[in-house]
Each structure stands twice: as C-alpha cells, then as structure tokens.
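Asks: okay, predicted coordinates and the sequence, questions at the end:
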Amino acid sequence: MSDPRKKHDEHSAQDLLRELFPDTHRELFGDGHGPARATLGLYEVADGRLALVHGDQLAEFTPIEPKGNNPLHCDLCHYTRSRSEAALYRVHVAARRTRYVTLCLGSAACVARAGERALLKLAGRIFPIEPVGPDER
C-alpha cells in the first residue's frame, strides 16, 4: 500500500525556475505570450574548457597547449590577443571531423564585446554536431 503522505508532485527544472527565479525564467524562456527565446551562450566549465549552448545543442571546447609566441586573433570578438589572453580550442563536430577555434580566455567579456549576432555566427559554424558513436543520437 502506498503512503499518501509520501506523495510527491514531480516538477521539471523549468517549473522550478519559474517558481523560484521568475525573472531568469522570463529571460531564458520568454514570458509565455510569444515564442520562447532559444538559449544561446558561451560558458566556462572545468579545466579551462568552454561550453557553447544553442537551444538543446551543446559543444565542448577543449583548450590546446600553446605553441609559439605569436598573438592570436579571436574568432568571436575579432580582437588580436597575446598568448596569455587567448587560447586555441578543439571542438569535435563529427566522428572524424574537428574544428579549431581561437577565443579569448575571459569568455564573458569576449561575448559582451562580440554580441549575440557573432555568437550566433559561431554557433552556425559548430552546429549541428553529428553523433560520434552508435549510442549517441
């Protein structure tokens, strides 16, 4: 027999976000009166890696060890930076296809300089990512 006191209502992450952080929910998913805005962003994750999110797609940028002393040109904000301010990243987009992207190390400032249009253009170069293994779809 089930205990009626242990009955839980299951809520999605979006429901919780709407209840606890309504302004953030409105920013990410719209106010419910029009089409929801697609998620788009470049975020720093562990070990110097970056994550590009566009809607339900995710790409992981892995930094490559710097070689040489020449400055790098950021593919997002189009500023030329020294090796201490920019890095070269590898992104796997298919089973045997890799793209290389140069980005500033301070991703938040870089995205602010570049704007949403440049971020959409970068996402257009990376996505869609094809499945790598038989279990990925």
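Replies: On my side now, so go ahead.
Asks: drop to CA atoms for contacts and neighbour counts, all remaining ones
Replies: Will do.
Asks: please identify the buried residues of the host helix or strand of A109?
Replies: Take DSSP states H and E as the rule and A109 turns out to sit in helix 107-114. Within helix 107-114, the residues scored as buried using 16 or more other C-alpha atoms under 10 Å are S107, C110, V111, A114.
Asks: contacting residues for the spatially closest residue to the last one that is not a sequence neighbour?
Replies: In this case it means A114. Closest residue to A114 apart from its sequence neighbours, by C-alpha to C-alpha, 6 or more residues apart in numbering: C77 at 4.3 Å. Each residue near C77 by C-alpha atoms under 8 Å, 6 or more residues apart in numbering is listed here: C110, V111, R113, A114, A118.
Asks: confirm that C77 sits in a helix.
Replies: No. Applying DSSP: H, G, I helix; E, B strand; the rest coil, one finds C77 to be coil, outside a helix.
Asks: next one, pLDDT for it please.
Replies: Each residue has a pLDDT score; the one for C77 is 95.
Asks: need phi/psi at it.
Replies: Backbone torsions for C77, taken as degrees, to the nearest 10, come to phi -100, psi -10.
Asks: what of R117?
Replies: The phi/psi pair for R117 (degrees, to the nearest 10) reads phi -60, psi -40.
Asks: and it, how many neighbours does it have?
Replies: Look at R117: counted by other C-alpha atoms under 10 Å, it has 11 neighbours.
Asks: measure it to L76 for me?
Replies: As judged by C-alpha to C-alpha, to the nearest Å, R117 and L76 stand 10 Å apart.
Asks: so, low pLDDT: which residues of the protein?
Replies: Scanning the chain for pLDDT under 70 picks out 1-9, 11, 25, 30-38, 132-137.
Asks: quick revisit: can you redo the buried residues of helix 107-114 as CSV with distance to L72?
Replies: Shown next, in CSV, are those (distance: C-alpha to C-alpha, whole Å):
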residue, distance to L72
S107, 15
C110, 14
V111, 17
A114, 16
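Asks: okay, and the beta partners of the one residue sitting closest to the centre of the chain?
Replies: By C-alpha atoms, centre = their mean, the chain has its centre lying nearest to L52, at 2.1 Å. Counting by DSSP bridges, L52 forms beta bridges with L42, A59.
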